[in-house]
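Participant: sequence and predicted structure, then a few things I'm wondering about:
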Amino acid sequence: MTLTELRYIVAVARERHFGRAAEACFVSQPTLSVAIKKLEDELDCKIFERGSAEVSVTPLGEEIVRQAQAVIEQAQAIKEIAKRGKDPLAGPLRLGIIYTIGPYLLPDLVRHAIEMFPQMPLMLQENFTAKLLEMLRTGELDAAIMAEPFPDTGLAVAPLYDEPFLVAAPATHPLARRERISSEELKQETMLLLGTGHCFRDHVLEVCPEYARFSSDAEGIRKSFEGSSLETIKHMVASGMGVTVVPRLSVPDEPPTHLRYVPFAEPVPTRRVVLAWRRTFTRYEAIAALRNAVYACALPGVVRLTA
């Protein structure tokens, strides 16, 4: 039994597919399949049930996979302890970030990271919150920048900033001439939403809960549309298809002439952006350096949280 074999079974349990698991582990599918079969023979039990469309984990396999994840974490912790004896910032930091933060924070963050700690390159992974939490749990990521709330998975969390929301409307829309807009006024508008899986979609539905009904109802297509990214939705808004809600950092310094961003009236809806990492991750100085790099960014319009 080797760490490599344990990584393989964790990957298959996560992906539910041998081909995708092999890609995630950067090996060929036959290599991964042979290694897992060897481990099953050594343990004299079946870890996976092979189906035509999907792979499932056996009840005994679930326990084995959980233990394998713990072993992988501990092995990584040993490596990190050894690194701390040299330079805690030496070596890459595997950082995850959600889709609605990445495009607006990463360019500035990466530039500051290169300037402040060139010996610690950021290995970036952009994904949904649920996927990033899973990757943190399995040790594939060291830390992640996400928006609360998310399920408590025993992670250490440090607040970064509170980010207000704004309304984006076509320049020709009556709301575009307003200085502030209440969430009540959005009830009568066609709202463009991100698709299911984006945590920012849930934030918007908290501001305008009535759209939760429209977005899951066939009749609601007249009141609500869904897009795959904030930038796609902004283009749809600019073309006159409706309005949307966006986080402050997604607002460009010079908004296009066909689009207007209008602040909310009090109480202004916000989201809290945090840095999360496994409690077993021992490169504390790396986490502190990453937070400092975030605070070195411009972050216009947000409230920084240094506590």
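Facilitator: It's in.
Participant: could you chop this protein up by domain?
Facilitator: By the record's domain assignment, the chain is partitioned as 3-84, 88-307 (automatic domain parsing).
Participant: tabulate these in TSV, adding columns for mean neighbour count and mean pLDDT.
Facilitator: In short, each C-beta sits where N, CA and C put it, glycine included. As requested, the domains of the chain are arranged in TSV below (neighbours: other Cβ atoms under 10 Å; pLDDT from 0 to 100):
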stretch	mean neighbour count	mean pLDDT
domain 3-84	16	89
domain 88-307	17	86
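Participant: ok, L95 to A298 distance?
Facilitator: 19 Å (Cβ to Cβ, to the nearest Å).
Participant: please state the offset of whichever strand or helix holds P103 from the chain centre?
Facilitator: Applying DSSP states H and E as the criterion places P103 in helix 102-116. Relative to the centre of its chain, helix 102-116 is centred 16 Å away, using Cα atoms, centre = their mean, to the nearest Å.
Participant: what's it packed up against?
Facilitator: Using 3 or more Cβ pairs under 8 Å, 6 or more residues apart in numbering; DSSP states H and E, the elements in contact with helix 102-116 are strand 122-127, helix 284-295.
Participant: what are the ranges of the strands in the stretch 201-307 of the chain?
Facilitator: Ranges of strands in the stretch 201-307 of the chain, per DSSP state E, counting those that start in this stretch, are 224-227, 244-247, 259-263, 270-278, 303-304.
Participant: please apply the same query to the stretch 1-150 of the chain.
Facilitator: 48-50, 55-57, 93-98, 122-127, 143-147.
Participant: of all those, which one is nearest P30?
Facilitator: strand 48-50 (14.3 Å; Cβ to Cβ).
Participant: how about residues contacting that closest one?
Facilitator: With Cβ atoms under 8 Å, 6 or more residues apart in numbering as the test, strand 48-50 has contacts from I9, V12, A13, I36, E40, V55, S56, V57, T58, G61.
Participant: how about stretch 286-305?
Facilitator: 88-89, 93, 95, 105, 108-109, 112-113, 116-117, 120, 142-143, 145, 158-164, 248-249, 251, 253, 270, 272-273, 275, 277, 281, 306.
Participant: first-to-last residue distance for it?
Facilitator: Stretch 286-305 has an end-to-end distance of 18 Å (criterion: Cα to Cα, to the nearest Å).
Participant: for the spatially closest residue to A24 that is not a sequence neighbour, give me its contacts.
Facilitator: Excluding the flanking residues, the one nearest A24 by Cβ to Cβ, 6 or more residues apart in numbering is A11, at 5.1 Å. Contacts of A11 were listed using Cβ under 8 Å, 6+ apart, and they are A21, A22, A24, C25, L32.
Participant: tell me the one of these nearest E134?
Facilitator: Nearest to E134 among the contacts of A11, counting by Cβ to Cβ, is A24 at 11.8 Å.
Participant: hmm, the closest one is touching R16, no?
Facilitator: No. A24 is beyond contact range of R16, at 11.8 Å (criterion: Cβ atoms under 8 Å).
Participant: residue closest to the middle of this structure?
Facilitator: When Cα atoms, centre = their mean is applied to the chain, the residue found nearest the centroid is I98 (2.7 Å).
Participant: any idea how far that one lies from P269?
Facilitator: I98 is 17 Å from P269, where distance means Cβ to Cβ.
Participant: re earlier: out of the strands of the stretch 201-307 of the chain, the one nearest L133 is which?
Facilitator: strand 270-278 (8.1 Å).
Participant: pull the distance from that closest one to the chain's centre.
Facilitator: 10 Å.
Participant: just want the angle from that strand to strand 143-147.
Facilitator: Between strand 270-278 and strand 143-147, the angle comes out at 160 degrees (axes from the mean of the first three to the mean of the last three Cα atoms, to 10 degrees).
Participant: and the longest strand along the chain, C-alpha only, in CSV?
Facilitator: The residue-count maximum for a strand in the chain (DSSP state E) belongs to strand 155-170. Below are the C-alpha coordinates for strand 155-170, written out as CSV (Å, rounded to 0.1, in the frame of the first residue of the first chain):
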residue,chain,number,x,y,z
LEU,A,155,-11.9,24.6,8.5
ALA,A,156,-10.0,27.6,9.9
VAL,A,157,-11.5,30.8,8.6
ALA,A,158,-10.2,34.4,8.5
PRO,A,159,-12.4,37.3,7.3
LEU,A,160,-11.0,39.4,4.4
TYR,A,161,-13.6,41.9,3.5
ASP,A,162,-17.3,42.8,3.3
GLU,A,163,-18.4,43.5,-0.2
PRO,A,164,-21.6,45.5,-1.0
PHE,A,165,-23.9,44.7,-3.9
LEU,A,166,-25.1,47.0,-6.6
VAL,A,167,-27.8,46.9,-9.2
ALA,A,168,-26.7,46.7,-12.9
ALA,A,169,-29.3,48.1,-15.4
PRO,A,170,-29.3,49.2,-19.0
